[in-house]
Structure formats: C-alpha cells, structure tokens
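Colleague: got a structure for you, letters missing:
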C-alpha cells in the first residue's frame, strides 16, 4: 500500500461535481473528498480544509470549523455580503431585506451596491442609516475602486437578482473579462443567470465569491417575534412602545408606527410586515 503524504492546509475556491479546487498558498489542487465527507453540502466553497495526496490524487481529509455559512448556494467563512441592486431589473427590496436578515444572523456585514448608476441612480435613503451603501457603474468603473477599498482583505460574496451586474462588478474589479456577462432579455427585462457555479477569486488576500442563483429567497429560520431584532431602524423606537416585547404589528400604543414615513421608511416597514407574515405562515405550516 502506498504511503499517504502529510496533510496541507488550503481553502476550497470552486466545486464542480465531485471535484473540489483547493488553493494551497497560491497553488490550486484538484481534490476529491473522502467517503465520510459526502457531496451533499458537507463541503462548501469558502471552507478551510486539510488535504493530502493519496496515491495519484489529492483528497480532502477534514473541514475546519466554519465561522458562518449561507445557503443557495452553499458558501462559508464570509466577512461581507455585497447585496447588488439596479434600476433594471426592477429591484426586489423584500429580497434585499431578507438577505440583510440572513447576514445579521450569521455575523456577516451587509453592504448594498446599486449598480448601473450611469443609467439611473436608485434611491437608497431608507437604508443609508442601516448599512453601508454605494452607487456605482460597473460599466464605466465609477465607484468600483471605493467598493474594493472598503472590502479589501476580506472574504466577500455577492448576492442579488440575475442581471444586476454581479459578474460585471467582478470583471470591473479584475479589470478583465474572466467572468461571463449576461445581457438583459430586452422584451421581459430579466437577466439570464450566467454564473453556473460558485467560485472564489483571490485578489492578493481579498476573496471575491461569484455565485450562481444566490438570492436567499427564504429568511432565516427565526421566530416571527424576533424579526424586529434585525430591523435596527424599527427597534430603536421600541423603548417608546407600550409593551417591551412589541413586534410593531398589531399591538396597541406602538410607537414605531408614529415614525413611519419619517425616520422609518414606509417601504421598509411594509417589507418588515411581509417578512413577518411569511415567518408566521411558515411556523403555522410547520406544526400543522
């Protein structure tokens, strides 16, 4: 029997079928997983792993403990999530708020990046007191250096609807056409999802995750009553409410409602109620 070599430390930067591409100090090795590490989500892009050479192939021996993880797709050990929106396709701010909730639950900093400012500048006033916001144009490069400077040295994932320009932003940062870029379908103004797998680009210690279908359409599995804890712009007025556990929905003497349209954006509160109702419905279905 051939002697197994010593283990090495690396990071999974791409997964294709049963193959995992692991970056070991700049040297990318194609690895397979031990049978004990199944291919059903036990290894995420972003994972720190131990690998070893076994005969003629590299195998992943172990996955290090993650500091966080997200789903759709599976990624781990993320510092910042760039939530991308644009004037086209029409922005889904319910999705934006759900991603923010997911990020806060996992200890990830959410940052909103409004792309295509060369076409139209989105109004992000409802978010500017909550998260860091950027208006950029990946097409012209305006604002791109500021985004990169902000996330430099961190592991960054990009989330958002198709065709908002996630791959275009990566191209602008890389100053290359390494990622495929999809055009908007002219008639229906929807984008084709051109990113078919999750991959990490290492830019000298800044790790950019390009992700396929990264929309996180479901909010995290939290109790509806706790949703308020993820909406700082609402929760800052809770002390004025009659009840300390006020959910800001149907309780009497809810002070939050007095601030809607003023310090709290009307759209932001409406989306809070939408997500709250979804969580209530999910809990109801869970126990029926």
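Modeller: Right, received. Where do you want to start? From a predicted model like this one, the values you see are computed outputs, not experimental measurements.
Colleague: can we go C-alpha only for contacts and neighbour counts from here?
Modeller: Will do.
Colleague: show me this structure divided up by domain.
Modeller: 8-63, 69-210, 224-286 (automatic domain parsing).
Colleague: where among those domains is average confidence lowest?
Modeller: Averaged per stretch, pLDDT over the domains of the chain is lowest on domain 69-210, reaching a mean of 83.
Colleague: chain center to that one: distance?
Modeller: The chain centre lies 8 Å from the centre of domain 69-210; the measure is Cα atoms, centre = their mean, to the nearest Å.
Colleague: before we move on, what about stretch 8-24?
Modeller: Remark: stretch 8-24 is offset 20 Å from the chain centroid, using Cα atoms, centre = their mean.
Colleague: going forward, the N-terminal residue is numbered 466.
Modeller: In the new numbering, first residue 466, that becomes stretch 473-489.
Colleague: show the end-to-end separation of it, please.
Modeller: End-to-end distance for stretch 473-489: 7 Å, by Cα to Cα, to the nearest Å.
Colleague: now it: buried residues?
Modeller: Within stretch 473-489, the residues scored as buried using 16 or more other Cα atoms under 10 Å are 474-480, 485-489.
Colleague: now for those, which pair is the farthest apart?
Modeller: Greatest spatial distance among these (Cα to Cα): 474 and 480, at 17.0 Å.
Colleague: for the closest residue in space to residue 686 that isn't next to it in sequence, what are phi and psi?
Modeller: Of all residues not flanking residue 686 in the chain, residue 744 sits nearest, at 7.9 Å (Cα to Cα, 6 or more residues apart in numbering). The phi/psi pair for residue 744 (degrees, to the nearest 10) reads phi -70, psi -40.
Colleague: residues contacting residue 744?
Modeller: 684, 686-689 (Cα atoms under 8 Å, 6 or more residues apart in numbering).
Colleague: again, but for residue 578
Modeller: Residues near residue 578 by Cα under 8 Å, 6+ apart: 547-550, 598-601.
Colleague: same deal with residue 603?
Modeller: Going by Cα under 8 Å, 6+ apart, residue 603 touches 580-581, 609, 630, 633-634, 637.
Colleague: which residue, neighbours along the chain excluded, lies closest to it?
Modeller: What sits nearest to residue 603 in space, not counting adjacent residues and going by Cα to Cα, 6+ apart, is residue 634, at 5.2 Å.
Colleague: name the element the one you found belongs to?
Modeller: Element membership for residue 634, per DSSP states H and E: helix 631-639.
Colleague: who are the neighbours of that helix, in terms of helices and strands?
Modeller: For helix 631-639, the packing partners by 3 or more Cα pairs under 8 Å, 6 or more residues apart in numbering; DSSP states H and E come out as helix 609-616, strand 620-625, strand 671-675.
Colleague: if we can go back for a sec, most neighbours out of the contacts of residue 744, which is it?
Modeller: If you count neighbours using other Cα atoms under 10 Å, the busiest of the contacts of residue 744 is residue 684, which has 19 neighbours.
Colleague: returning to what we had before: and the helices and strands packed on helix 631-639, which is most packed in?
Modeller: Greatest average neighbour count among those goes to strand 620-625 (a mean of 26), per mean count of other Cα atoms under 10 Å.
Colleague: now residue 674: how far from residue 544?
Modeller: Applying Cα to Cα, the value for residue 674 to residue 544 is 11 Å.
Colleague: shared neighbours, those two?
Modeller: In terms of Cα under 8 Å, 6+ apart, residue 674 and residue 544 are both contacted by the residues 620-621.
Colleague: tell me where the stretch 616-753 of the chain has strands.
Modeller: Shown for the stretch 616-753 of the chain, the strands assigned by DSSP state E, counting those that start in this stretch span residues 620-625, 649-650, 655-656, 664-668, 671-675.
Colleague: nearest to residue 710, out of those strands?
Modeller: Counting by Cα to Cα, and looking across all of the strands of the stretch 616-753 of the chain, nearest comes strand 620-625 at 31.9 Å.
Colleague: cool, thanks, signing off.
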